[in-house]
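Q: attaching a predicted model along with its sequence, questions to come.
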Amino acid sequence: MNPSAMLRRFISCGSSTSCCSATAFSAVPRKKTRLVFMGSPHVSTLVLEKLFNASEAPESNFELAAIVTQPPSEKNRGRKVLPSPVAQYAMDRGFSDDLIFWPDKAGDERFLEDFKSLKPEICVTAAYGNILPTKFLDIPQSGVVNIHPSLLPLYRGAAPVQRALQDGVKETGVSLAYTVRALDAGPIIAYEKLEVDDHIKAPELLEILFNRGSEMLIREIPAISDGSAKLSAHVQEDSKATLAPKLKPEEAWLFFDDDARALHNKVRAFSGWPGTRAKLQVLGSNGSEKIIELKIITTNFIDYCKIDGDVNEIRFNKGSLMVQCKGQSVLEVLEIQLPGKKVMSANDFWNGMRGQKLKKLTI
């Protein structure tokens, strides 16, 4: 019987020789919106967790029909082939393996057949990491929507949080927008703004924005499902768009002829991956010289501070390595990491120098 059809009950009357029929209507089970989630890295699991929790609530208006993620890949030093964080989280939650898909491409014909058979009404993406072709976008009845951690049309692309921090923005946010073929250019359903602290790092800000975006998504699911969100969504102004290209490992190097504030912004933007690196010169008391490479983990900055003496020499003051930068600005390095070692404080690193001098490399 069609679950959305009214149920008719025939009630027996007291007499065995006669019968009257009465029609009664039971409560009709509410049809839940079939939602497919697409995501891959750890930050996507924050969204998936909230969707799981909301879908399991008695008053939920949607159900998770399937999960789509990137294929398993080699990770860690042992090069073990492991599922994506999203796939692993879904399996840990007891989600059916048959409903977790990991196509090489979202346009694979076999996958599209399976996807279409799910009869999805809404598809939600959050850092999925693959281009969605038109033949995929046309399948969900109520559309594909994306949680994007920026105030669109600003910072369209793969690294919106990192590029925003690198630029030193004071305000950012998260947008919920329809997905179209053009990069992050679809109509915006809703957005939320957030002030940016000078010392917040990319991984922390990503978590905040995806958590906020998840809550916004859950509030908007009814409107997306019934089509009213599409009618009220506003078109982006392409003329105001900026791009946030993927980070590259070769961008990780710090050069101290730049402004200290810009270097500090880069350190927090590149925190996590790929990190920021610097090469320094160590001068021994016996005249020896060597070059060391280290990761710069945590910093602060001073816009103007004149350091007397050799401007290339790195000094230690109150728990910080003091590096003179452009315009007599100073980068305060608070934590570093040597190759193969754990993160250490600048104080512990300086004590390990045992009186040797530390200098910037001059080009």
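A: On my side now, so go ahead.
Q: what segments of the stretch 1-150 of the chain are strands?
A: 33-39, 62-68, 73-75, 80-82, 100-101, 122-126, 144-148 (DSSP state E, counting those that start in this stretch).
Q: and of the ones you listed, who's closest to K295?
A: K295 lies closest, by C-beta to C-beta, to one member of those: strand 73-75, at 19.8 Å. (C-beta placed from N, C-alpha, C; glycine too.)
Q: if we can go back for a sec, I'd like the strands of the stretch 1-150 of the chain as TSV, with distance to L48, mean neighbour count and mean pLDDT appended.
A: Formatted as TSV, the strands of the stretch 1-150 of the chain follow (distance: least, C-beta to C-beta, whole Å; neighbours: other C-beta atoms under 10 Å; pLDDT from 0 to 100):
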stretch	distance to L48	mean neighbour count	mean pLDDT
strand 33-39	6	24	98
strand 62-68	7	22	98
strand 73-75	18	11	79
strand 80-82	17	11	88
strand 100-101	11	18	98
strand 122-126	8	26	98
strand 144-148	11	25	98
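Q: just put those strands in JSON lines and tack on distance to G352.
A: Putting the strands of the stretch 1-150 of the chain into JSON lines (distance: least, C-beta to C-beta, whole Å) gives the following:
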{"stretch": "strand 33-39", "distance to G352": "42"}
{"stretch": "strand 62-68", "distance to G352": "47"}
{"stretch": "strand 73-75", "distance to G352": "32"}
{"stretch": "strand 80-82", "distance to G352": "34"}
{"stretch": "strand 100-101", "distance to G352": "47"}
{"stretch": "strand 122-126", "distance to G352": "42"}
{"stretch": "strand 144-148", "distance to G352": "44"}
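Q: look up how far L154 lies from H264.
A: 21 Å (C-beta to C-beta, to the nearest Å).
Q: next: R34.
A: 32 Å.
Q: can you check T298 too?
A: Per C-beta to C-beta, T298 is found 27 Å from L154.
Q: so these two - more neighbours on which side?
A: Comparing T298 with L154 by other C-beta atoms under 10 Å, the one with more neighbours is L154, at 22 against 19.
Q: for the more buried one, give me the pLDDT.
A: Looking at L154, its pLDDT stands at 98.
Q: quick one, what contacts it?
A: L154 is in contact with 160, 164, 240-242, counting by C-beta atoms under 8 Å, 6 or more residues apart in numbering.
Q: report the buried members of those residues.
A: 160, 164, 241 (16 or more other C-beta atoms under 10 Å).
Q: okay, and which of these map to helices?
A: 160, 164 (DSSP state H).
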